[in-house]
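K.L.:
3D, please:
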Amino acid sequence: MAARQQKKPSNGNDDKPAIWAGYGKLVRLFRDKAGLTQQALAEAVGYSYEQVASIEQGRRPAKAAFTEAAERVLGAGGVLATLQDEVERAKLPTFFQDFALIETEAVSRFSYDPLLVPGLLQTEAYARELFAGHCPQLSEETAEQHVEARLNRQKLLTRTPVVELSFVIGEAALRNPLGSVDVMREQLRSLVRQGKLRNVEIQVMPTVRGFHPGLNGPMVVLETLEHRQVGYIESQETSVVITDPARVSAFGLRYGKLRSQALNVEESARLIENAAGEL
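P.N.:
A predicted model of the protein is given here:
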């Protein structure tokens, strides 16, 4: 298989993800076994009756805090907790969900992002600005779910076993004032802090570098726990997962050249700090 384009599945319940409905049914099953009403469960876990009802009906995804409390109150034996990652992943844009699942199996992940700070490194405020500007406009609920899911993905930075992460970021992404000055300044300072993690390398591709292999667009090269090589490209909410060895090898070659042409880690950190100071 050379490439596979992600397609948006259709489902019932107003296009809500099936995993939310399945999770909700399990909550109701455990609640009935515990002899609790929805109101009693709501009071026990610190949620409103309406929130519990929405979760049971699959109209609202459960947050980790709800799952933790429900596990304790209902004695679910880890069943709900096992599903939490899938519930969170279903908050992501549909076109990205398949790759997000592959990403959870990574031992290494290298990416090039020319125009935006990569999602794994975004602050909450920066991510909110991105989803607020989405075209066509997203509902507040959907935008909030996308932000939550993006932040949840960032567990990859500190996960055990450790994932080796390399980010080459275009200088334009650092200079584009997305949101307020405070939002952008904190995002840049966050990049400096994240770059100090032992498993994270952040390099900047200067805008004056001339030709380089990244001019064709963003890309990701990933290796799974089973040492399977995967490539990924995305544009305008269309994505392609690439598994053909020859094509993935070409991605790796291009990424290697990108790293050699970008500023080194120390130079990149100084550029990012200077950009923050100029705001």
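
K.L.:
now stretch 131-140, how far from the centre of its chain.
P.N.:
In terms of CA atoms, centre = their mean, to the nearest Å, the centre of stretch 131-140 is found 17 Å from the chain centre.

K.L.:
Check which residues of it are buried.
P.N.:
Buried residues in stretch 131-140, counted by 16 or more other CB atoms under 10 Å: 131, 138. The C-beta positions use only the backbone N, C-alpha and C, and glycine is treated the same way.

K.L.:
all numbers from here: first residue = 337
P.N.:
Fine by me, first position is 337 from now on; the one you just mentioned is stretch 467-476.

K.L.:
Tell me, what's the model's pLDDT at the nearest residue to residue 520 once chain neighbours are set aside?
P.N.:
Residue nearest to residue 520 in three dimensions, not counting chain neighbours: residue 513, with 5.4 Å by CB to CB, 6 or more residues apart in numbering. Note on residue 513: pLDDT of 90.

K.L.:
Residue 521 is in contact with residue 513, correct?
P.N.:
No: assessed by CB atoms under 8 Å, residue 513 is found out of contact with residue 521, at 9.8 Å.

K.L.:
so what sits against both of the two?
P.N.:
Shared contacts of residue 513 and residue 521, defined by CB atoms under 8 Å, 6 or more residues apart in numbering, comprise residue 615.

K.L.:
With neighbour numbers in mind, choose between these two.
P.N.:
Between residue 513 and residue 521, counting by other CB atoms under 10 Å, residue 521 is the more crowded of the two (17 against 10).

K.L.:
Would you mind writing the CA trace of stretch 581-601 as PDB?
P.N.:
Output in PDB follows, covering the C-alpha atoms of stretch 581-601 (Å, rounded to 0.1, in the frame of the first residue of the first chain):
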ATOM      1  CA  PRO A 581       9.100   1.800   2.100                       C
ATOM      2  CA  ALA A 582      10.600   3.600  -1.000                       C
ATOM      3  CA  ARG A 583       8.500   6.700  -0.500                       C
ATOM      4  CA  VAL A 584       9.000   6.800   3.300                       C
ATOM      5  CA  SER A 585      12.800   6.500   2.700                       C
ATOM      6  CA  ALA A 586      12.600   9.500   0.400                       C
ATOM      7  CA  PHE A 587      10.900  11.400   3.300                       C
ATOM      8  CA  GLY A 588      13.700  10.400   5.600                       C
ATOM      9  CA  LEU A 589      16.300  11.600   3.100                       C
ATOM     10  CA  ARG A 590      14.600  15.000   2.700                       C
ATOM     11  CA  TYR A 591      14.200  15.400   6.500                       C
ATOM     12  CA  GLY A 592      17.900  14.700   7.000                       C
ATOM     13  CA  LYS A 593      18.800  17.500   4.600                       C
ATOM     14  CA  LEU A 594      16.300  19.800   6.300                       C
ATOM     15  CA  ARG A 595      18.000  19.200   9.600                       C
ATOM     16  CA  SER A 596      21.400  19.900   8.100                       C
ATOM     17  CA  GLN A 597      20.300  23.200   6.500                       C
ATOM     18  CA  ALA A 598      18.300  24.500   9.500                       C
ATOM     19  CA  LEU A 599      19.900  26.400  12.400                       C
ATOM     20  CA  ASN A 600      21.300  24.000  15.000                       C
ATOM     21  CA  VAL A 601      19.600  23.600  18.300                       C
END
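
K.L.:
Now it: buried residues?
P.N.:
So for stretch 581-601, counting by 16+ other CB under 10 Å, buried means 584, 587, 590, 591, 594, 595, 597, 598, 599, 601.

K.L.:
Which positions in stretch 425-433 come out as buried?
P.N.:
Judged by neighbour count (16+ other CB under 10 Å), stretch 425-433 contains these buried residues: 425, 426, 427, 428, 429, 431, 432, 433.

K.L.:
At which residues are the helices of the protein located?
P.N.:
Assigned by DSSP state H, the chain shows helices spanning 348-351, 354-370, 374-381, 385-392, 400-410, 415-425, 433-439, 460-468, 476-489, 507-511, 517-530, 581-597, 601-613.

K.L.:
Let me have the ones you listed in TSV, extended by distance to residue 538.
P.N.:
Converted to TSV, the helices of the chain look like this (distance: least, CB to CB, whole Å):
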stretch	distance to residue 538
helix 348-351	37
helix 354-370	33
helix 374-381	39
helix 385-392	38
helix 400-410	28
helix 415-425	25
helix 433-439	18
helix 460-468	15
helix 476-489	17
helix 507-511	11
helix 517-530	6
helix 581-597	11
helix 601-613	6
